[in-house]
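Visitor: Sharing a sequence plus its predicted fold:
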2 protein chains.
Amino acid sequence: MRGVVMEAPGRVVVTDRPDPVIEEPTDAIIRVTAACVCGSDLWPYRGGWEVDHAPMGHEYIGEVVELGSEVTTLNVGDHVVGSFIASCNHCEICLAGYQSRCVRAVGMGGIGTQAEYARIPLAAGTLVPITDGAPEADLVPSLLTASDVLGTGWFAAEAAQVGPGKTVAVVGDGAVGLLGVLATSELGAERIVVFSRHERRQELARVFGATDVIATRGDEGVAELTDLLGGLGAHSVIEAVGNQVSMEQAIAACRPGGHVGFVGLNHGVALDGKQLFGSAVHLHGGPAPVRRMLPDLIERIQSGAIDPGLVFDHVVPLEQAAEGYRAMDERTAIKSLLTID
Amino acid sequence: MRGVVMEAPGRVVVTDRPDPVIEEPTDAIIRVTAACVCGSDLWPYRGGWEVDHAPMGHEYIGEVVELGSEVTTLNVGDHVVGSFIASCNHCEICLAGYQSRCVRAVGMGGIGTQAEYARIPLAAGTLVPITDGAPEADLVPSLLTASDVLGTGWFAAEAAQVGPGKTVAVVGDGAVGLLGVLATSELGAERIVVFSRHERRQELARVFGATDVIATRGDEGVAELTDLLGGLGAHSVIEAVGNQVSMEQAIAACRPGGHVGFVGLNHGVALDGKQLFGSAVHLHGGPAPVRRMLPDLIERIQSGAIDPGLVFDHVVPLEQAAEGYRAMDERTAIKSLLTID
């Protein structure tokens, strides 16, 4: 089959990879019908961490083509969406709603869903059938977002305890931040302030429900925010970047007793304990338990309540994956969808 | 009046200080009837930060002897307990329950309650009368703990969301950690594991409700804890130290989706964003909003439900405050009470 491999930082190729096979009786093989590039894929792409001929991709929607002997709750032919982390969905941690930290959790690292086929571990726990069989083509992008980026934005909003009567600030205008805006709006917040310096991203944020845009960042951005909110920080802050500046900004933007939901994959970040102590905020985040949210997100998409697929402003065939990466790296695209025949 | 002054790290004296006077119409002057030494006083004592002839003390119980013109809700002669941070108790942050981050908050730093008298700013918001007038002598130590150490332990337990059915680990066997155990027990948790290597502290922890003691710390302690709990970390972790090792241990001791309540005054701590992200815990803490909890804590003490005053295992007259500091520094005392004639 064809699949995306990152040979080295900045070097993405589409190449022949071995067809995946059932390795465990709990596996499924899916034909991937659409995949995409994640903001976190840019970390190794930019040399943020080591990468050596790694199969890429962890977001996916697809059709089941083969099942391990222990997978009894799915059928060949089912169209499915699954989380970017495979989980059993019945251990104590899964039952508590933290499936991405399942005691049996398997990442998609060695698997790579930017490919024609993928082996999905713990399939019964991980994959959620799309109720009406094969999805309509125009729903595919939105359903694909449920696999990670929408679920991650939604979890950030949850972790930040957004809701009616709350003021919400969003740090990060990438796809996760933008879908954090959408989630925040859906969950009833009326005042949603997004930090963004990019006109097109500002526009999409407003489509998703943002009420205010602040184009400055760091201390200056926080000062502008508190002015806007009458002198206090936001009740809820979504952090969707994961670097030192964004984490500090998110904590500083939150009022004492408020909630910061952080989902930007943290890399090279050292939080000052004294700042955190003094801030008196609630801090919660990590890898989003997308599996828990999938049924609800699929329903919202199929009912037309939300259209998260709007984050895909760049669509290329799988064979041109390198172009999808390049556009996101240069920030000419918010998020790249990879179509697969 | 006589009062404690820390001239330099490790150099505590009792000396003549000016009698406090009303400076703002919202002030009160109290005659301090008992004071004590806080674990946080050991930071400057040990040279953890600079100190130069600073009046010391921020915990207190006392009798109102003079009121500013705007204080209409208290009377001269009232016996009162107040928080270690003065707060207005009516701004948006106070009303949200975070009085120690009140927009008008005043610390006791320049005031120093280890003295015969103290000026309490924002007295109407800060001081809570003890219902039955002058407290019985045997209740004084417990009521004094409500001013900070009990309230701080209680807040840690709240922030860690302890409760029935939860497993709780407590990092730190100082007075705050021990009162965190008491709070946890009162709030209904059945399994309370305390990390401690000191026999006398272990004993008091058991008196307060601890069910298990672990004498190792760091990674080894966490491994012992997860063994004890069947392979997973605790649902709730109280952090009551505030250094690098204790913060890391607290986060590592908590299961994904669990809650860490941290109240140890953080100093020189840098939290690894990646560890925090991966842990998927909730982290909440900071200066405890003791004022919010005071009425409840006073009632529990007066009804005899709790006896937090047991943390005072060293009682000295104010004039011997240096001895009180020394004993806590050398860990021969858990907490030193300073009696004032």
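Guide: Now that the structure is in, tell me what you want to look at.
Visitor: what residue ranges in the stretch 151-300 of chain A score low on pLDDT?
Guide: Counting by pLDDT under 70, the stretch 151-300 of chain A contains no low-confidence residues.
Visitor: What parts of it come near chain B?
Guide: Within the stretch 151-300 of chain A, the positions adjacent to chain B are A:231-232, A:242, A:244, A:247, A:255-257, A:262, A:265-274, A:276-287 by C-beta under 8 Å from any C-beta of the partner chain. For every residue, glycine as well, the C-beta is placed using N, CA and C.
Visitor: hmm, try it at 6 Å
Guide: Proximity of the stretch 151-300 of chain A to chain B (C-beta under 6 Å from any C-beta of the partner chain) is limited to residues A:256-257, A:266, A:269-271, A:273-274, A:277, A:280, A:282-284, A:286.
Visitor: quick one: contacts for residue A:74?
Guide: Applying C-beta atoms under 6 Å, 6 or more residues apart in numbering or on different chains, we find residue A:74 in contact with residue A:64.
Visitor: What separation do you get for whichever residue of the stretch 101-250 of chain A sits closest to chain B and residue A:85?
Guide: Going by C-beta to the nearest C-beta, chain B is nearest to residue A:101 of the stretch 101-250 of chain A, at 3.4 Å. The gap separating residue A:101 from residue A:85 is 8 Å, by C-beta to C-beta, to the nearest Å.
Visitor: Next: residue A:318.
Guide: Residue A:318 sits at a distance of 22 Å from residue A:85 (criterion: C-beta to C-beta).
Visitor: Mind checking which of these two has more residues around it?
Guide: Set residue A:318 next to residue A:85 and count neighbours by other C-beta atoms under 10 Å in any protein chain shown: residue A:85 wins out with 24 against 21.
Visitor: contacting residues around that one?
Guide: Taking C-beta under 6 Å, 6+ apart as the criterion, residue A:85 is in contact with A:100, A:105, A:107.
Visitor: how far does the strand or helix carrying residue A:325 sit from the chain's center?
Guide: For residue A:325, the host element (DSSP states H and E) is helix A:321-329. Centre-to-centre, helix A:321-329 and its host chain are 17 Å apart (C-alpha atoms, centre = their mean, to the nearest Å).
Visitor: And for stretch A:28-37?
Guide: 16 Å.
Visitor: In space, what's closest to residue A:10 - neighbours in sequence excluded?
Guide: Closest residue in space to residue A:10, ignoring its immediate chain neighbours: residue A:45 at 5.9 Å, by C-beta to C-beta, 6 or more residues apart in numbering or on different chains.
Visitor: Domains in chain A, by residue range?
Guide: Residue ranges for the domains of chain A, per automatic domain parsing: A:2-148+A:289-339, A:153-285.
Visitor: Please flag which of the residues of the stretch 151-300 of chain A next to chain B sit within helices.
Guide: Judged by DSSP state H, those include A:273, A:274, A:277 as members of helices.
Visitor: tally of neighbours for the closest residue to residue A:55 other than its chain neighbours?
Guide: Using C-beta to C-beta, 6+ apart and skipping the chain neighbours, the partner closest in space to residue A:55 is residue A:112 (2.6 Å). Counted with other C-beta under 10 Å, residues neighbouring residue A:112 total 23.
Visitor: same deal with the one 5 residues further on?
Guide: Using other C-beta under 10 Å, the number of residues around residue A:117 comes to 21.
Visitor: and it, what does it touch?
Guide: Neighbour list for residue A:117: A:1, A:19, A:20, A:29, A:31 [criterion: C-beta under 6 Å, 6+ apart].
Visitor: For the residue of the stretch 101-250 of chain A closest to chain B, which residues are in contact?
Guide: Neighbours of residue A:101 in contact, by C-beta under 6 Å, 6+ apart: A:93, B:256, B:280.
Visitor: one more time with 7 Å, if that's ok
Guide: Contacts for residue A:101 (C-beta atoms under 7 Å, 6 or more residues apart in numbering or on different chains) come out as A:93, A:287, B:256, B:280.
Visitor: related to what we said a few turns ago, out of the ones in helices among the residues of the stretch 151-300 of chain A next to chain B, who's the most crowded?
Guide: With neighbours defined as other C-beta under 10 Å, the most crowded of these is residue A:273; it has 22 neighbours.
Visitor: Quick check: closest non-adjacent residue to that one.
Guide: In space, and not counting its chain neighbours, residue A:273 is closest to residue B:269: 2.8 Å by C-beta to C-beta, 6+ apart.
Visitor: That neighbour - how many residues pack around it?
Guide: Applying other C-beta under 10 Å, we find 24 residues neighbouring residue B:269.
Visitor: what does residue A:243 give?
Guide: 18.
Visitor: same thing with the one 5 residues further on?
Guide: Applying the criterion other C-beta under 10 Å, we find 20 residues in the vicinity of residue A:248.
Visitor: what about dumping the CA coordinates of the strand or helix carrying it to PDB?
Guide: Taking DSSP H and E as the criterion, residue A:248 maps to helix A:244-252. These are the backbone C-alpha positions of helix A:244-252, laid out as PDB (Å, rounded to 0.1, in the frame of the first residue of the first chain):
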ATOM      1  CA  GLN A 244       6.500  28.100  26.900                       C
ATOM      2  CA  VAL A 245       5.000  31.400  25.800                       C
ATOM      3  CA  SER A 246       1.500  30.000  25.200                       C
ATOM      4  CA  MET A 247       1.400  28.100  28.500                       C
ATOM      5  CA  GLU A 248       2.400  31.100  30.500                       C
ATOM      6  CA  GLN A 249       0.000  33.300  28.600                       C
ATOM      7  CA  ALA A 250      -2.800  30.900  29.200                       C
ATOM      8  CA  ILE A 251      -2.200  30.800  32.900                       C
ATOM      9  CA  ALA A 252      -1.800  34.600  33.100                       C
END
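Visitor: just the residues of the stretch 1-150 of chain A that are near chain B, which are they?
Guide: A:92, A:93, A:96, A:97, A:98, A:101 (C-beta under 7 Å from any C-beta of the partner chain).
Visitor: Make a ChimeraX selection of the buried ones in those residues.
Guide: Buried residues within those, by 16 or more other C-beta atoms under 10 Å in any protein chain shown, are selected in ChimeraX with:
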select /A:93,96,98,101
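Visitor: now the residues of the stretch 1-150 of chain A next to chain B as TSV including pLDDT and secondary structure?
Guide: Shown next, in TSV, are the residues of the stretch 1-150 of chain A next to chain B (pLDDT from 0 to 100; DSSP: H, G, I helix; E, B strand; the rest coil):
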residue	pLDDT	secondary structure
A:92	97	helix
A:93	98	helix
A:96	98	coil
A:97	98	coil
A:98	98	coil
A:101	98	helix
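Visitor: For the residues of the stretch 1-150 of chain A next to chain B, give me TSV that also has distance to residue A:225.
Guide: Formatted as TSV, the residues of the stretch 1-150 of chain A next to chain B follow (distance: C-beta to C-beta, whole Å):
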residue	distance to residue A:225
A:92	39
A:93	35
A:96	33
A:97	30
A:98	30
A:101	32
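Visitor: rewinding a little: got a list of what the residue nearest to residue A:55 touches?
Guide: Taking C-beta under 7 Å, 6+ apart, we find residue A:112 in contact with A:3, A:4, A:55, A:56, A:57.
Visitor: What's the separation between it and residue B:154?
Guide: For residue A:112, the distance to residue B:154 equals 50 Å [C-beta to C-beta].
Visitor: Centre of the chain to the helix or strand harbouring residue A:298, how far?
Guide: Here residue A:298, judged by DSSP H and E, is contained in helix A:290-302. Averaging C-alpha positions (C-alpha atoms, centre = their mean) puts helix A:290-302 13 Å from its chain's average.
Visitor: After that helix, which helix or strand is next? Please name it.
Guide: Where DSSP H and E defines the elements, the next helix or strand beyond helix A:290-302 is strand A:312-317.
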